[in-house]
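Asks: The sequence and its predicted three-dimensional model are supplied below.
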Amino acid sequence: MSYDEIAISVRGVSKHYLLFAKPEDRLKQSVMPRLQRILRRPAKQYYRNFRALQNVSFDVRHGETVGIIGRNGSGKSTLLQVVCGILQPTSGTVSTNGRIAALLELGSGFNRDFTGRENVYLNGAILGLSRADIDSRFESIARFADIGEFIDQPVKTYSSGMQVRLAFATAINVDPDILVVDEALAVGDEAFRRKCYTRIEEIQARGGTILFVSHGLQTIVQLCTRAILLDRGELLLQTDPKTVVGQYQRLINASPQSASMIRKAIQSMSSTEAKAPSLLAPGDTTAPASDGRQTPEKVNGTAGFLSEEHFGVHAQEEFYAPELKPQSTVYHEERGARIREARLLTLDGRQVNVLKLANRYVLEYFVDFTRSAMEIGCGMMIREVNGARLAGANTRNMPSLRLARVEPGQVGVVRVAFSCRMLPGAYFVTCGVNGLIDGERVSVHAISDALMFRVLPEKDRISAGKFDLSPSLEVSLVSAEAGKAAPFPSVA
């Protein structure tokens, strides 16, 4: 890979902090070790070495959108600050190729005593723009931020949402080669967030590079070309977003007893980029399978995905295709239960995995309980090939549908009836069961991508997107006079 292809290169980056239990320990550390060495005594440390980042390495190519996920305290924000040059690494190197616009901690980069207008000009100058350049962009920035007369008020009078609006509007309107965002978009309202995502998509379309942190797993799956999983300051996994999100969910749902084993299993998948997702058998949390990578060829219709061309447009009825199996199944930790035998059935009981639009089907799976639990709930979620959540069902808001209590050895059966409204394509089903154990609601078992199905292509359909809205469409010609008299509201 040539230098021109790389937008961000991170090599062996570590960031350590010295943590002192008491303020006076800082003074002791600056004096006592030297004195102890003079007296030929072992030098004593009065601090604890906290490793916020530990030997992190990765590259981001021009045009990529890379998302970083991880639990709180895993080093995500620290890593972005190192990439942007705000923090210096304890060891390792970071190099960037292009103009960086960063949206990090709320209000970072703003002088709270300056007005919004003054901060726009200040941030533009920091990014190397002349006053004339900022003048030409200011109206676009103010329009996007949409904070009205507050643009000329001190930033210290802004709400958190207003600060995010102005910061994001400034960052994206300076035409950055690299955009770095740290979870800031979670603060804005829905309309503003959608506007931000639309602008991010525009940056992607013109070949911009984006590196961002988010706890919104759906955002990671939908926007990113690649994802990175950090934990305890270490890079555990970097590959396609769907795989990374699946492994992250395994990690955060793990019990304290098995978290270390699951962490090691995930880490063993990522000695290089684009390793295979885990295909662990039920109950196995020690080692990932060696096969199962979801390659582009599989997504495009071979090796079990069965393209539309495989069926032809004349297929009329649903059926079962044995070769239609997911290559990305992830078995989450068993914490008192095991899901098995997930399958899709027609209403008359036939097993199918090639479905027909608008027909009704039943997802059925069995649950073997291995310990006592209360308030057992269950659910399912249908996802796209890229992992985006489309639709599902669960008992979260319906306590009356839960099992009051289960005991070891009991078996439950879950049946979810649904109408197939997804348009032709490949889809995946995740199954999950949760319950109260020792007073805490936990996931007792889940299987991501437990099964997959395809929806048959339809002739002469006008529906577009992901779901069938049963639309009707009519186009006709009218006279010029009738067209002028049409009762449409005027557009200002």
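Replies: Cool, the structure landed.
Asks: Setting aside sequence neighbours, what's the nearest residue to Glu201?
Replies: Counting by C-beta to C-beta, 6 or more residues apart in numbering, Glu201 lies nearest to Leu223, which is 7.7 Å off, once chain neighbours are set aside. The C-beta positions use only the backbone N, C-alpha and C, and glycine is treated the same way.
Asks: How about Glu375?
Replies: Nearest in space to Glu375, with sequence neighbours left out and distances taken as C-beta to C-beta, 6+ apart, is Leu436 at 4.6 Å.
Asks: I figured the one you found hits Met374, correct?
Replies: Yes. Counting by C-beta atoms under 8 Å, Met374 is a contact partner of Leu436 at 4.4 Å.
Asks: pLDDT value on Arg250, please?
Replies: Arg250 is assigned a pLDDT of 87 by the prediction.
Asks: buried stuff in the helix or strand hosting it?
Replies: For Arg250, the host element (DSSP states H and E) is helix 241-252. Under the neighbour-count criterion of 16 or more other C-beta atoms under 10 Å, helix 241-252 has 241-251 buried.
Asks: helices and strands of this protein: which one bottoms out on pLDDT?
Replies: One helix or strand of the chain scores below all others by mean pLDDT, DSSP states H and E: helix 296-299, with a mean of 36.
Asks: Give me the average confidence score over stretch 9-28.
Replies: Averaged over stretch 9-28, pLDDT sits at 89.
Asks: Also stretch 198-208?
Replies: 84.
Asks: Could I get the contacting residues of the residue nearest to Glu201?
Replies: The neighbourhood of Leu223, defined by C-beta atoms under 8 Å, 6 or more residues apart in numbering, consists of 65, 67, 197, 200-201, 204, 210.
Asks: any low-confidence regions in the stretch 301-450 of the chain?
Replies: 301-315 (pLDDT under 70).
Asks: Return the list of helices and strands in contact with the helix or strand where Phe366 lies.
Replies: Under the criterion of DSSP H and E, Phe366 resides in strand 360-369. On a contact count with 3 or more C-beta pairs under 8 Å, 6 or more residues apart in numbering; DSSP states H and E, strand 360-369 meets strand 337-346, strand 411-419, strand 425-437, strand 440-455.
Asks: Buried residues of the longest one, list them for me.
Replies: Translated: strand 440-455. Neighbour-count burial for strand 440-455 [16+ other C-beta under 10 Å]: 442-455.
Asks: in the sheet, who's paired with the residue nearest to Ala417 when sequence neighbours are not counted?
Replies: In this structure, Ala417 finds its nearest non-sequential neighbour in Val362, 5.0 Å apart by C-beta to C-beta, 6+ apart. Val362 has these beta-bridge partners by DSSP bridges: Leu345, Ala417.
Asks: and Val362, how many neighbours does it have?
Replies: For Val362, the neighbour count with other C-beta atoms under 10 Å is 14.
Asks: From the opening residue of stretch 60-80 to its closing one, how far?
Replies: Using C-alpha to C-alpha, to the nearest Å, the end-to-end distance of stretch 60-80 comes to 13 Å.
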